[in-house]
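**Student:** Provided below are the primary sequence and the corresponding predicted coordinates.
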Amino acid sequence: MTGGPEPESEPEPGPATALAVVATTPEVLAHPGLDEALLAPWERRRLAGIRLPSRRDDVLAARLLVRLCVARATGLPPDTPALAQRCPGCGGHGHGRPYLRGRPGVGVSLSHADGLVAAAVGPGAIGIDVEPATRRPGPLHVLRRLLPDADVAEAAASPDAGPALLRLWVRAEARLKAGQEGQPGQSGQAEQAEQGGIRLLDWTDRPRAAVAAVACAARLTIASL
């Protein structure tokens, strides 16, 4: 019913490197050339069902930002990419992991949280996550059920436990969105690790008070809006 499969033309070539952008929701909504009209009908119906205005704006901004990233990576105008979603669990469309119709070799990912948005595009699997730098995941007994206990214990014992736990969380989320099993360990700021062919990069965007992470198989460029 929403975002379902459609006949596809011959797949187009995709980007050779990955691209990621972190921005605030107001920055994206004020960007020239990005408008709600770019969204598919099923996306606009989903927006209409969101009652909290700030959350609606975040969802809209994230979906616009991922189109901008695809346009920059492929050279196509923002209204060209056909964004869809498919749930790997139930197989349903209109929710779950995002993808581009007609471009099976191009991975896309998006994230939004409390006025922050992030998007990424690249060859193969990719995942991105963003959180406010002031957020503190927890409590610890919940994190230990979701993340490796040794990693949680190490982060909790560090001098700056809150930021360390947050960084561990966004790395885990990015890796999960890229379709990777298991969770990665910690890293320092802007440190890049490679596990199973997937590169994992996390960083702090200080002007936006955000912490972000990307998991991808290709070399990554972090760009500004």
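**Tutor:** Noted; the coordinates are in hand. Numbering: from 1, shown residues only.
**Student:** what residues are up against Arg44?
**Tutor:** Counting by CB atoms under 8 Å, 6 or more residues apart in numbering, Arg44 makes contact with Glu36. C-beta: built from backbone N, CA, C; applies to glycine.
**Student:** hang on, it in a helix?
**Tutor:** Yes. Assessed by DSSP: H, G, I helix; E, B strand; the rest coil, Arg44 belongs to a helix.
**Student:** my read is that Arg67 contacts Pro77, right?
**Tutor:** No. Checked against CB atoms under 8 Å, the pair Arg67 and Pro77 is beyond contact range at 9.3 Å.
**Student:** and the two? which has more neighbours close in?
**Tutor:** Shown here are Arg67 and Pro77; by other CB atoms under 10 Å, Arg67 has more neighbours (26 against 11).
**Student:** what about the nearest residue to that one once chain neighbours are set aside, helix or strand, and which?
**Tutor:** Excluding its sequence neighbours, the residue lying closest to Arg67 (CB to CB, 6 or more residues apart in numbering) is Pro78, at 4.6 Å. For Pro78, there is no enclosing helix or strand under DSSP states H and E.
**Student:** neighbours around Pro78, how many?
**Tutor:** 19.
**Student:** any idea which helix is longest in the chain?
**Tutor:** As assigned by DSSP state H, the longest helix anywhere in the chain is helix 53-74.
**Student:** from Asp202, how far out is the spatially closest residue to Leu39 that is not a sequence neighbour?
**Tutor:** Once flanking residues are discounted, Leu39 sits nearest to Arg63: 5.9 Å by CB to CB, 6+ apart. Distance from Arg63 to Asp202, counting by CB to CB, to the nearest Å: 23 Å.
**Student:** which outside residues touch stretch 205-212?
**Tutor:** So stretch 205-212 is contacted by 20, 22-24, 111, 116, 118, 128-134, 163, 166-167, 170, 202-204 (CB under 8 Å, 6+ apart).
**Student:** my error: substitute stretch 45-65 in the last question.
**Tutor:** Here stretch 45-65 has contacts from 2, 21, 23, 25, 28-29, 31, 34-36, 38-39, 43, 78, 83, 94, 110-119, 225, using CB under 8 Å, 6+ apart.
**Student:** please name the nearest non-neighbouring residue to Arg144.
**Tutor:** Val152 (5.2 Å).
**Student:** my guess is the one you found meets Leu140, correct?
**Tutor:** Yes. Applying CB under 8 Å as the test, Val152 and Leu140 come out as touching, 6.4 Å apart.
**Student:** those two - which one has more neighbours?
**Tutor:** More crowded of Val152 and Leu140, by other CB under 10 Å: Val152, with 25 against 15.
**Student:** secondary structure element holding the more buried one?
**Tutor:** helix 149-156.
**Student:** list the buried ones in that helix?
**Tutor:** By neighbour count on 16 or more other CB atoms under 10 Å, the buried set for helix 149-156 is Asp151, Val152, Glu154, Ala155, Ala156.
**Student:** helices of this structure, start to end?
**Tutor:** 25-29, 41-48, 53-74, 140-146, 149-156, 161-177.
**Student:** okay, now the residue nearest to Pro77 when sequence neighbours are not counted: neighbour count?
**Tutor:** The shortest distance from Pro77 to any non-neighbouring residue, by CB to CB, 6+ apart, is to Ala71 (6.0 Å). The number of residues packed near Ala71 is 19, by other CB under 10 Å.
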